[in-house]
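# no letters, just coordinates:
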């Protein structure tokens, strides 16, 4: 796409790379819907929404407060807890149940339980288990 | 409900206004009828009474914290402020040429704007009914200039309307008003509102709508001099031999309705968006600097609070350096005003009551994104005669705001190239800063094709990655149930900040909540 190519070139010139430069993100299919997330696959959903806080590598971040790492996070041992948190929010984290449907919540829960080196694939979330938690 | 002199109940009138013209107009009407107030600010604090040597520890050097510091020291208290950042202001913040911004995750952006150019990632406009902010600015010598909210020559845009071509605000505004006026005037003229208004009022209404909507004698909104004098001409009025103007074609009401663009012309009706609005010269953090000039000597910077304890006789807070290694330091005071956002406070160890803890841990923080774009020249002024104000779009950038200063100057200018909430902002925030800028360019170029040739540099701030707030502003899940309890003194600690106000996200809310906390703290101290 021409506009994007020009913009990329200009940005590369204007914003010099630093050691802390974030990895580029594939935004195919993003920004299609003003009120919902359109991504279907767990990894795509994670990259389009969760990564803002839990970071692209799932390691979370620390400032005045913190975002918990998902990598190695034993709260993900079962699917119920992440389903609940994503649908309802927790502390500073907004509820995302309105922007993600049951299939999407299940997909991203299964992604974070098996991504970032996590190996919790048993009893995966399903649209049915998500619906039951709403 | 008592009917007024015209024979219609106040509720019926309000309901009619609300139905006909949107809730913003309704709120304005309520204000005139004495039901709504602009601000609870009642003038400068003059705290009488001996604070008896009491000390107050203030957590956070944003506007709420610095307001408390200023007022409490004036009243004779011993005050100390702890601030996580290296500078004061919190979310009252400006990024300008030469700045480096590192967000959560360690991702860093350099701000390469030309000298004097800036973007306000947080608050960026001050309503003229926010009396407390305005008064502190006056007191601290913060110079204010007009902020253009509404610009009739800016655009309203929807990718699904008018073949995706941006429309001038004034055209949609005039045609929507004209079309609606025509309908209502005809209905009233035909006596069809007799159940709702008196005959006399119906006549006045028809006359008013005729002027308001620039209708002709047949009560129709038509292409001609009257409509063009509002929406603009095809060939404008001039002088001499080419002076005679040519009217522009009106757009029929049904097209306006189907376009959805009527939804993008009423922002300036909102109480806090009404002309006149202000901004500080040089960037919003001039407000923070104004406060810092007064109370900066009370602030310990780079202090990350890790524990807050109410004790039998006071408050004890523990902090560590925000960066690098360092010892814990313990501060003790008789009272505490805590302005730390609940998004952060909910992660700090405290011994607050279970009620207060529950409220703190039940407040999510909104997602928002702003992108500042610098262009080599002010093409919006030079090519399109747009001087300040805002264009609105259904594109993911949501709006483009043009600078309210530096008009007609040569050289680079900075636009607010995206101001985004909701699902789109989550996606913006999940991108690296460089890609936020790219997306703002990609979408904004659909409104201003000059973007392609004129872009110079940009910076994008995703609020969920802002290290000191973890979001834009606090969202009450059940404000009616929780708000007053959050205002109560918990042990020796009072909460303040925009979240403890009915003006969420506004600087006025932060300051008013702080003034209220200071008053109540002082009442407690002087009463014992």
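Yep, it's here. As the structure is a prediction and not an experimental result, all values here were calculated from the model. Residues are numbered from 1 along each chain as shown, chains lettered A, B, ... in the order given.
# for the spatially closest residue to residue B:49 that is not a sequence neighbour, phi and psi?
In this structure, residue B:49 finds its nearest non-sequential neighbour in residue B:526, 3.7 Å apart by Cβ to Cβ, 6 or more residues apart in numbering or on different chains. Every C-beta, even on glycine, is put in place using the N, C-alpha and C of the backbone. With angles defined as degrees, to the nearest 10, residue B:526 sits at phi -80, psi -20.
# give me the element the residue nearest to residue B:367 when sequence neighbours are not counted is part of.
Leaving out its chain neighbours, the residue that sits closest to residue B:367 by Cβ to Cβ, 6+ apart is residue B:425, at 4.5 Å. Assigning secondary structure by DSSP states H and E places residue B:425 in helix B:422-429.
# what does that helix contact?
Here helix B:422-429 makes contact (Cβ atoms under 8 Å, 6 or more residues apart in numbering or on different chains) with A:27, A:30-31, A:33-37, A:48-49, A:52-53, A:99, B:367-369, B:371, B:396, B:398, B:418, B:420, B:436, B:439, B:460, B:462-465.
# now the residues you listed: which count as buried?
With burial judged by 16 or more other Cβ atoms under 10 Å in any protein chain shown, the buried subset of the contacts of helix B:422-429 is A:27, A:30-31, A:37, A:48-49, A:52-53, A:99, B:367-369, B:371, B:396, B:398, B:418, B:420, B:436, B:439, B:460, B:462-465.
# give me the low-pLDDT residue ranges for the chain?
I went with chain A, as the question did not name one. A:1-21 (pLDDT under 70).
# meant chain B actually
B:1-39.
# mind redoing it with 90?
Chain B contains residues with pLDDT under 90 at B:1-43, B:194, B:324-325, B:528.
# care to break it down by domain?
With domains defined by automatic domain parsing, chain B comprises B:1-36, B:55-89+B:290-363+B:478-527, B:95-153+B:275-283+B:366-465, B:170-252.
# I'd like those domains as a markdown table, with distance to residue A:59 appended.
Output for the domains of chain B, formatted as a markdown table (distance: least, Cβ to Cβ, whole Å):
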| stretch | distance to residue A:59 |
| --- | --- |
| domain B:1-36 | 44 |
| domain B:55-89+B:290-363+B:478-527 | 17 |
| domain B:95-153+B:275-283+B:366-465 | 9 |
| domain B:170-252 | 48 |
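# nearest to residue A:81, of those?
domain B:55-89+B:290-363+B:478-527 (15.9 Å; Cβ to Cβ).
# ends of the closest one, how far apart?
Separation of the first and last residues of domain B:55-89+B:290-363+B:478-527 by Cα to Cα, to the nearest Å is 16 Å.
# same question, stretch B:41-55
With Cα to Cα as the measure, the ends of stretch B:41-55 fall 25 Å from one another.
# who's in contact with that stretch?
B:71-72, B:74-80, B:131-132, B:135, B:139, B:314, B:333-335, B:508, B:512, B:515, B:518-519, B:522, B:525-526.
# at 7 Å instead, please
Residues outside stretch B:41-55 that contact it (Cβ atoms under 7 Å, 6 or more residues apart in numbering or on different chains): B:71, B:75-78, B:131-132, B:135, B:333-335, B:512, B:515, B:518, B:522, B:525-526.
# just the buried members of these?
Neighbour counting with 16+ other Cβ under 10 Å marks B:71, B:75-77, B:131-132, B:333-335, B:512, B:515, B:518, B:522, B:525 as buried within those.
# name the nearest of those residues relative to chain A.
residue B:333 (20.3 Å; Cβ to the nearest Cβ).
# residues touching the closest one, list them.
Going by Cβ under 7 Å, 6+ apart, the list of residues near residue B:333 reads B:55-57, B:80, B:314-315.
# what are the ranges of the strands in chain A?
In chain A, the strands defined using DSSP state E lie at A:61-62, A:66-67.
# same deal with the stretch 251-400 of chain B?
Under the criterion DSSP state E, counting those that start in this stretch, the stretch 251-400 of chain B contains strands at B:277-280, B:299-300, B:303-310, B:315-321, B:329-333, B:335-338, B:349-350, B:368-375, B:389-393, B:399-402.
# ok, which of these comes nearest residue B:246?
Closest among those, using Cβ to Cβ: strand B:389-393, at 26.0 Å.
# so what are the sheet partners of that closest one and their directions?
Applying DSSP bridges to the sheet, strand B:389-393 is found paired with strand B:155-157 (parallel), strand B:399-402 (antiparallel).
# now the first one, how far from the centre of its chain.
Right, strand B:155-157. Strand B:155-157 has its C-alpha centroid displaced from the chain centroid by 20 Å (Cα atoms, centre = their mean, to the nearest Å).
# count of neighbours near the closest residue in space to residue B:112 that isn't next to it in sequence?
Leaving out its chain neighbours, the residue that sits closest to residue B:112 by Cβ to Cβ, 6+ apart is residue B:457, at 4.3 Å. Counted with other Cβ atoms under 10 Å in any protein chain shown, residues neighbouring residue B:457 total 25.
# gap between residue B:457 and residue B:334?
Going from residue B:457 to residue B:334 by Cβ to Cβ, to the nearest Å gives 49 Å.
# next: residue B:447.
When residue B:447 is compared with residue B:334 (using Cβ to Cβ), they lie 56 Å apart.
# next, see if stretch B:405-416 gets close to chain A.
No - Stretch B:405-416 is not in contact with chain A by Cβ under 7 Å from any Cβ of the partner chain; minimum separation 11.5 Å.
# reformat the strands of chain A as JSON lines; add distance to chain B and mean neighbour count.
Formatted as JSON lines, these follow (distance: least, Cβ to the nearest Cβ, whole Å; neighbours: other Cβ atoms under 10 Å in any protein chain shown):
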{"stretch": "strand A:61-62", "distance to chain B": "4", "mean neighbour count": "18"}
{"stretch": "strand A:66-67", "distance to chain B": "6", "mean neighbour count": "19"}
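# of all residues in the stretch 201-350 of chain B, which one is closest to chain A?
Taking Cβ to the nearest Cβ, the stretch 201-350 of chain B has residue B:343 as its residue nearest chain A, at 3.2 Å.
# picking up where we left off before, in JSON lines, list the contacts of residue B:333 along with distance to residue B:203.
Listed next are the contacts of residue B:333 as JSON lines, based on distance: Cβ to Cβ, whole Å:
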{"residue": "B:55", "distance to residue B:203": "68"}
{"residue": "B:56", "distance to residue B:203": "63"}
{"residue": "B:57", "distance to residue B:203": "66"}
{"residue": "B:80", "distance to residue B:203": "67"}
{"residue": "B:314", "distance to residue B:203": "70"}
{"residue": "B:315", "distance to residue B:203": "67"}
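# residues near the residue lying closest to residue B:500 once chain neighbours are set aside, how many?
The shortest distance from residue B:500 to any non-neighbouring residue, by Cβ to Cβ, 6+ apart, is to residue B:513 (4.1 Å). By other Cβ under 10 Å, the residues close to residue B:513 number 28.
# what's residue B:513 sitting at in phi/psi?
The phi/psi pair for residue B:513 (degrees, to the nearest 10) is phi -70, psi -40.
# before we move on, the earlier item: give me the neighbour count for the residue of the stretch 201-350 of chain B closest to chain A.
Residue B:343, neighbours per other Cβ under 10 Å, totals 29.
# that one contacts residue A:93, correct?
No - assessed by Cβ atoms under 7 Å, residue B:343 is found out of contact with residue A:93, at 8.6 Å.
# and the residue in the stretch 51-200 of chain B that chain A sits nearest to, what are its phi and psi?
Chain A sits closest to residue B:104 of the stretch 51-200 of chain B, with a gap of 3.8 Å, by Cβ to the nearest Cβ. Per-residue torsions, residue B:104: phi -60, psi 140 (degrees, to the nearest 10).
# measure it to residue B:368 for me?
15 Å.
# possible to save the strands of the stretch 251-400 of chain B as JSON lines with distance to residue B:471?
Below are the strands of the stretch 251-400 of chain B laid out as JSON lines (distance: least, Cβ to Cβ, whole Å):
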{"stretch": "strand B:277-280", "distance to residue B:471": "23"}
{"stretch": "strand B:299-300", "distance to residue B:471": "23"}
{"stretch": "strand B:303-310", "distance to residue B:471": "18"}
{"stretch": "strand B:315-321", "distance to residue B:471": "22"}
{"stretch": "strand B:329-333", "distance to residue B:471": "26"}
{"stretch": "strand B:335-338", "distance to residue B:471": "17"}
{"stretch": "strand B:349-350", "distance to residue B:471": "20"}
{"stretch": "strand B:368-375", "distance to residue B:471": "8"}
{"stretch": "strand B:389-393", "distance to residue B:471": "23"}
{"stretch": "strand B:399-402", "distance to residue B:471": "20"}
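# thanks a lot, catch you later.
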